[in-house]
Every structure is written in C-alpha cells, then in structure tokens.
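coords please:
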Amino acid sequence: MSQPVSLRDLRDRPFELLRELERRGRAAAGGRDGSAGREWVGVAFRLGPESFLVAREETREVMSLPSSLTRVPGARGWIRGLANVRGQLLPVIDLRQYLGSGATGAGRNVRVLVVNHRDIPAGLLVDEVLGFRRFADAEFEQTPPPTLVRCERYLAGAFRRESEAWPVLSLKLLVENPSFLQAAS
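Coordinates of the predicted model:
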C-alpha cells in the first residue's frame, strides 16, 4: 500500500496537485467516484412550505425579482409581467399562482428561475432558491410523493434521501403544457 501524498510535495506540479485535490474531494463526499454511479444535479427551491427540484440543465439562471415589471394587459393573473433582462424580454410567471396555490408574496428570498428552453422564454417566480442538490442515480424513484402544491402532472419522479423526499418538477413539461401557453385571459 502506498503512502498518502502530501499536498506540499505537489506544489510544484500543478496538474498532479489538482488531481490529488479532486481525489480527496471525492473521497470526502462519500467515496463517490465515477465508478460508483452517476450523479444527478438539480436546483432546489421552495413553493410555499414544500421543497422541489428542477434539473440543472433545465434552468438557465437564478435571479432576483426584477425591480421593474411591465404589466401585460389582458394576461392571466399568474403573469406578473415582462422584465427586460440584458436586452431580452422575459415573461415572469408566478408559479404558485399558476398551479392554483395562491400568489407568491414579496419577500427578500423570492427568486426567479429562468427556464432553459429553446423556444419558450419564461421566468418562474418561486418563494426561495435553496441552491444545488446532488443525488446518486440510485436515490431516484419514479413515483413522486403527494404534494400540497397541485403540480402532479408536471412531476418527473423524486429523489429520496433518508426521510426526505425531493419531488422533481419538469420545466419542459410545465412550459410546453397548452394551459401554460394560453396566457391570455
């Protein structure tokens, strides 16, 4: 068995240093290396009292609620307005209100999840973004747990870790749904 390598010994060999740091990081994360199974990464967020996940690749960015939203006449109540984000118009949708679970209040933790969809620009207003969550593929279940927020038709399973269940909201299913696309009242 070989002796552990000292990071100090690798200070003049940057590539080996980075490789050793990566190996130690993976070991500290529970021994997960590439052979132990794939990893799923998502953005965790809160709607009301419940926590959900969306796939990292379905999310373009997370941003604060824009200070200026332009109201859209004749739009449904769940359309909060249009925001100018770096020269692009972004419809901001109150996700809780769209799902029929009441309006999202104004608070310092309120965020906008910008959907990463080629054809449908949308920013989804959520109560709070909790950051990235990583799960092993083995923690995935096809059947999502029941939720208080009525979003079952948009759920794509769940990840379960110990006593916690994290339902996965499919942004693709959400934004491509005909009722979502019918924004006129």
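
now find how far off-centre stretch 77-88 is within its chain.
19 Å (CA atoms, centre = their mean, to the nearest Å).

and the residue nearest the centre of this protein?
V43 (2.6 Å; CA atoms, centre = their mean).

now the element after the helix or strand bottoming out on mean pLDDT in the chain, going C-ward?
The helix or strand with the lowest mean pLDDT-type score in the chain, counting by mean pLDDT, DSSP states H and E, is helix 14-28 (a mean of 78). Per DSSP states H and E, the first helix or strand lying C-terminal to helix 14-28 is strand 39-47.

so which elements touch the next helix or strand after that next one?
Going down the chain from strand 39-47, the next helix or strand is strand 50-55, by DSSP H and E. Applying 3 or more CB pairs under 8 Å, 6 or more residues apart in numbering; DSSP states H and E, one finds that strand 50-55 contacts strand 39-47, strand 164-169. All C-beta spots, glycine's among them, are computed from the backbone N, C-alpha and C.

paired strands for the longest one, with orientation please.
The reference is to strand 39-47. Using DSSP bridges, the strands paired with strand 39-47 are strand 50-55 (antiparallel), strand 128-136 (antiparallel).

next up, the contacts around the residue nearest to the centre of the chain.
53-56, 59, 62, 113, 129, 131-133 (CB atoms under 8 Å, 6 or more residues apart in numbering).

what mean pLDDT does stretch 51-70 get?
Mean per-residue pLDDT for stretch 51-70: 94.

may I have it as PDB, with CA atoms only?
Output in PDB follows, covering the C-alpha atoms of stretch 51-70 (Å, rounded to 0.1, in the frame of the first residue of the first chain):
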ATOM      1  CA  SER A  51     -39.300  21.900  -1.400                       C
ATOM      2  CA  PHE A  52     -38.800  20.800  -5.000                       C
ATOM      3  CA  LEU A  53     -36.000  20.200  -7.500                       C
ATOM      4  CA  VAL A  54     -35.500  21.100 -11.100                       C
ATOM      5  CA  ALA A  55     -32.800  19.600 -13.300                       C
ATOM      6  CA  ARG A  56     -29.800  21.900 -13.600                       C
ATOM      7  CA  GLU A  57     -29.900  21.700 -17.400                       C
ATOM      8  CA  GLU A  58     -33.500  22.900 -17.500                       C
ATOM      9  CA  THR A  59     -32.500  26.100 -15.600                       C
ATOM     10  CA  ARG A  60     -30.700  28.900 -17.400                       C
ATOM     11  CA  GLU A  61     -30.100  31.100 -14.300                       C
ATOM     12  CA  VAL A  62     -31.500  32.200 -10.900                       C
ATOM     13  CA  MET A  63     -32.100  35.900 -10.400                       C
ATOM     14  CA  SER A  64     -33.700  38.300  -8.000                       C
ATOM     15  CA  LEU A  65     -37.100  39.600  -8.900                       C
ATOM     16  CA  PRO A  66     -36.500  42.500 -11.300                       C
ATOM     17  CA  SER A  67     -37.300  45.800  -9.800                       C
ATOM     18  CA  SER A  68     -39.300  46.800 -12.900                       C
ATOM     19  CA  LEU A  69     -42.000  44.600 -14.400                       C
ATOM     20  CA  THR A  70     -44.300  45.800 -17.100                       C
END
